[in-house]
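> pasting the sequence and the predicted model now:
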Amino acid sequence: MTADPSPANELGIYVCPVCKRLLRQEYGLLRCSICPTDYPIREGIPDFIVEELSRSADPVLHRMRFIDRMASIYETRLWYLVVMNLYGGFQSPSLAEIVRIMSQNIESANGCVIDIACGPGTYGRRVASSSKEIFGIDVSMGMLRQGAAYIAKAATPMHFARARVEALPFQDSLFDAALCCGSLHLFADTVTALREMARVMKPEAILSVFTFTAGRGGILQFRRVREWSRRRSGLHVFELSEMERHLAASGFKDFRPKVSGSVLTFSARKQAA
Ligand SMILES: [Zn+2]
């Protein structure tokens, strides 16, 4: 792999995920002189987690340890169809349909967009444009490397960093919109995750989400499957009223849900300051 030609903090956008102060870029790392901590830049991708998923004592990170190896199949048509039809049912929207819904939701937002748990940039790089610069974060270096390889072939305005949703390496009120596709149900504490997303968004900025709900398709329509998934893999399958409560508790308003099978897409807006 060749070295990334663009220094990762060239835009001066990344801050320390702990103290939120701007990081100083030195060769191969971003340094917080307050904490003090060094965050390495690996193959052009700043790493704000540093530890290996397989060795992590954190149960949520440890559970994600297989995801690194899934990077190459994650976006294949077959994998996508199997997962979506199994969980969400045959009415599940296609990848292209979800991309279209996400694009429409954030259409009016020009500027910087954060893509939370971006994987290999599946959605982020498809909504990136000359007026939308995407900053993707994920816990999986394997996924991020795959994403960087996808965009290396095209001049896609997307950047990748390894970070957790609970400790985003960005200053307050930075982003004009936020995407969170296929991951809200995996976070340990939904409200904690949503609050941190709200923190980095501008007042009135749009949040656009694809997740699952207890709908009428796929295995997630069955209460026992939802309860089992929750116990076994920490999967939160949201009732609409529950999602609305979580959003209100995290500083969002204007919940606009759409349900197809057991797939939930929605937009919400950060409350004014
Ligand atoms: Zn710091």
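The structure has been received and is ready for your questions.
> can I assume D254 sits in a strand?
Yes: under DSSP: H, G, I helix; E, B strand; the rest coil, D254 falls within a strand.
> which residue sits closest to it, ignoring its sequence neighbours?
R269 (4.4 Å; C-beta to C-beta, 6 or more residues apart in numbering). Where C-beta positions appear, they are placed from N, C-alpha and C, glycine not excepted.
> so who does that neighbour touch?
Going by C-beta atoms under 8 Å, 6 or more residues apart in numbering, R269 touches 204-207, 252-254.
> if you set the cut-off to 10 Å instead, what comes out?
Applying C-beta atoms under 10 Å, 6 or more residues apart in numbering, we find R269 in contact with 177, 201, 203-207, 247, 251-256.
> give me the pLDDT value at it.
Per-residue pLDDT puts R269 at 98.
> got it, and the one 3 residues further on?
Each residue has a pLDDT score; the one for A272 is 93.
> that one reaches P203, doesn't it?
Yes: A272 is within contact range of P203, at 4.7 Å (criterion: C-beta atoms under 10 Å).
> these two: which is more packed in?
Using other C-beta atoms under 10 Å as the criterion, A272 and P203 rank with P203 on top: 12 against 9.
> element containing the more buried one, please.
Per DSSP states H and E: P203 is located in strand 201-212.
> can you list the strands that that strand pairs with?
Using DSSP bridges, strand 201-212 pairs in its sheet with strand 175-181 (parallel), strand 263-270 (antiparallel).
> would you list every one of the helices in the chain?
For the chain, applying DSSP state H gives helices covering 59-63, 67-70, 77-88, 95-105, 124-127, 141-152, 190-200, 223-233, 240-249.
> mind showing which ranges of the stretch 1-150 of the chain have poor pLDDT?
1-11, 71-81 (pLDDT under 70).
> please repeat the previous calculation with a cut-off of 50.
Within the stretch 1-150 of the chain, the stretches with pLDDT under 50 are 1-7.
> from A178, how far out is A193?
Note on A193: its distance to A178, by C-beta to C-beta, to the nearest Å, is 11 Å.
> by proximity to the ion, which residue of the stretch 151-273 of the chain wins?
In the stretch 151-273 of the chain, no residue comes nearer to the ion than P169, which is 9.8 Å away by C-beta to the ion.
> give me the neighbour count for that residue.
Using other C-beta under 10 Å, the number of residues around P169 comes to 25.
> contacting residues for the residue nearest to T211 when sequence neighbours are not counted?
The shortest distance from T211 to any non-neighbouring residue, by C-beta to C-beta, 6+ apart, is to L184 (4.2 Å). Applying C-beta under 10 Å, 6+ apart, we find L184 in contact with 116-117, 165, 190, 193-194, 197, 207, 209-212, 236, 238, 243, 246, 264, 266.
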